[in-house]
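Asks: Provide a 3D model corresponding to the input given below.
(one chain, ligands or ions: 2)
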Amino acid sequence: MLYLVAELDENGRKAGKEAACVTVLSFPVVYSMGNGTSRLYSALAKTLNSSAASQHPEYLVAPDPEHLEPIDPKELLEECRAVLHTRPPRFQRDFVDLRADCPSSHHPPIRVMQWNILAQALGEGKDNFVQCPIEALKWEERKCLILEEILAYQPDILCLQEVDHYFDTFHPLLSRLGYQGTFFPKPWSPCLDVEHNNGPDGCALFFLQNRFKLVNSANIRLTAMTLKTNQVAIAQTLECKESSRQFCIAVTHLKARTGWERFRSAQGCDLLQNLQNITQGAKIPLIVCGDFNAEPTEEVYKHFASSSLNLNSAYKLLSADGQSEPPYTTWKIRTSGECRHTLDYIWYSKHALSVCSALDLLTEEQIGPNRLPSFNYPSDHLSLVCDFSFNEEP
Ligand SMILES: NC(=O)C1=CN([C@@H]2O[C@H](COP(=O)(O)OP(=O)(O)OC[C@H]3O[C@@H](n4cnc5c(N)ncnc54)[C@H](OP(=O)(O)O)[C@@H]3O)[C@@H](O)[C@H]2O)C=CC1
Ligand SMILES: [Mg+2]
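Replies: Ligands and ions are numbered 1, 2, ... in the order given. Here you go, the predicted model:
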């Protein structure tokens, strides 16, 4: 434990928030050697430390077995809050009850989180969020904001995009919280162009091992008009331990930017084709989470909405008529101006699954005039969270 404190000091944590963070984190080391908190300290401190040593290709290193000791989520949340104590409080978001659409079930719902967490290398090196102070993006603190969001909603399944700290942060910590994780990096991640990057970004899928058993898993490199592209997806078939019901969960991040609409559409068709095969022609219920980089007016959205997989977009259920997507899922200011778009979706098999509740989005007032990311929200994309339950089998 003392060795870890020395490591932190060597990394030059000098003043202000960083010094406060060391003080808070080192407290349990001195006074509670050997208990859960000091083990937790070692986990969080290790991830803080590894982010500073970005010369080493840490993303290639498998986590050591020490990381597999369970962590109490409440303790980790407290640790995160201690690191974030100088920042403004997190935004309050409420779940909207949609149970009118949801059959009663004696099994607990399945909570799914979709979130483009913003790759650290892209946020600092490429994205040009001109109204976001660079200090708001410091990984040591932004990481805690991301973890806080995950711990606040405790999803059973976590679908993430732009993950460039899988091996040094999310895999070790989420494993200790009981998740099984899979990561599929982009073949030519733009993160690799950024100095001091932490490896490629990609999609990651985590599920709680006490709730689900992995039946099969596919890492998919998306094609567009038969050509291999730089975008990926992960699709897994899971079996619920309580009900023995199977379903497929997929995560993707389609090509960004205007001018690429037809490319995205082709990638979407390829993903749908893969999902047709994996779900045995829609026999297995499906949930698809993603940053589609496409507004609802785009062709790729229409392909998903009209697919023979019979999908509905969960966040439409938050609208008064149940037919409209939210006004935004990402909101940022670049040199080109304000970018407010609906790009992120949770699609689900509408005959097999129902949405019991969905986490409301942040209001414009909460997001604030400088938009996202910010000192109190770590990504330019909002997390989407839904509770699903199975409909009765016909
Ligand atoms: N070495 C090689 O041989 C190759 C390298 N590359 C690299 O990959 C990059 C392209 O990769 P690709 O996967 O197609 O990237 P995308 O165009 O899909 O975008 C990559 C990231 O940039 C973000 N982004 C979107 N709009 C903007 C914007 N206006 N300004 C800044 N960032 C933005 C996206 O975030 P979000 O999704 O949140 O909008 C996304 O995560 C190239 O720039 C190059 O660096 C690519 C091919 C080959
Ligand atoms: Mg991005």
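
Asks: got the residues of the stretch 51-200 of the chain near ligand 1?
Replies: Contact residues (C-beta under 6 Å from any ligand atom) of the stretch 51-200 of the chain with ligand 1: N116, L122, K126, D127, N128, E162, K186, W188, P190, D193. Quick note: C-beta positions are derived from backbone N, CA and C, even for glycine.

Asks: for stretch 241-257, buried residues please.
Replies: Buried residues in stretch 241-257, counted by 16 or more other C-beta atoms under 10 Å: Q246, F247, C248, I249, A250, V251, T252, H253, L254, K255.

Asks: make JSON lines out of the residues you listed and add pLDDT and distance to ligand 1.
Replies: As requested, the buried residues of stretch 241-257 are exported to JSON lines (pLDDT from 0 to 100; distance: C-beta to the nearest ligand atom, whole Å):
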{"residue": "Q246", "pLDDT": "98", "distance to ligand 1": "30"}
{"residue": "F247", "pLDDT": "98", "distance to ligand 1": "26"}
{"residue": "C248", "pLDDT": "98", "distance to ligand 1": "23"}
{"residue": "I249", "pLDDT": "99", "distance to ligand 1": "20"}
{"residue": "A250", "pLDDT": "99", "distance to ligand 1": "17"}
{"residue": "V251", "pLDDT": "99", "distance to ligand 1": "13"}
{"residue": "T252", "pLDDT": "99", "distance to ligand 1": "11"}
{"residue": "H253", "pLDDT": "99", "distance to ligand 1": "6"}
{"residue": "L254", "pLDDT": "99", "distance to ligand 1": "8"}
{"residue": "K255", "pLDDT": "98", "distance to ligand 1": "4"}
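
Asks: the residues you listed in strands, which ones?
Replies: Among the buried residues of stretch 241-257, the members falling in strands (DSSP state E) are Q246, F247, C248, I249, A250, V251, T252, H253.

Asks: how about the helices of the stretch 101-250 of the chain, start to end?
Replies: For the stretch 101-250 of the chain, the helices defined by DSSP state H, counting those that start in this stretch cover 120-125, 139-153, 171-176.

Asks: of the ones you listed, which is nearest P89?
Replies: helix 139-153 (10.4 Å; C-beta to C-beta).

Asks: export the closest one as PDB, just CAs?
Replies: As requested, the backbone C-alpha atoms of helix 139-153 are provided in PDB (Å, rounded to 0.1, in the frame of the first residue of the first chain):
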ATOM      1  CA  TRP A 139      -8.700  11.500 -17.400                       C
ATOM      2  CA  GLU A 140      -8.100  11.000 -13.700                       C
ATOM      3  CA  GLU A 141     -11.400  12.900 -13.000                       C
ATOM      4  CA  ARG A 142     -13.400  12.300 -16.100                       C
ATOM      5  CA  LYS A 143     -13.000   8.500 -15.500                       C
ATOM      6  CA  CYS A 144     -14.600   8.900 -12.200                       C
ATOM      7  CA  LEU A 145     -17.500  10.800 -13.800                       C
ATOM      8  CA  ILE A 146     -18.000   7.900 -16.200                       C
ATOM      9  CA  LEU A 147     -17.800   5.400 -13.400                       C
ATOM     10  CA  GLU A 148     -20.200   7.500 -11.300                       C
ATOM     11  CA  GLU A 149     -22.800   7.400 -14.100                       C
ATOM     12  CA  ILE A 150     -22.500   3.600 -14.400                       C
ATOM     13  CA  LEU A 151     -22.700   3.100 -10.700                       C
ATOM     14  CA  ALA A 152     -25.600   5.400 -10.300                       C
ATOM     15  CA  TYR A 153     -27.800   3.400 -12.700                       C
END
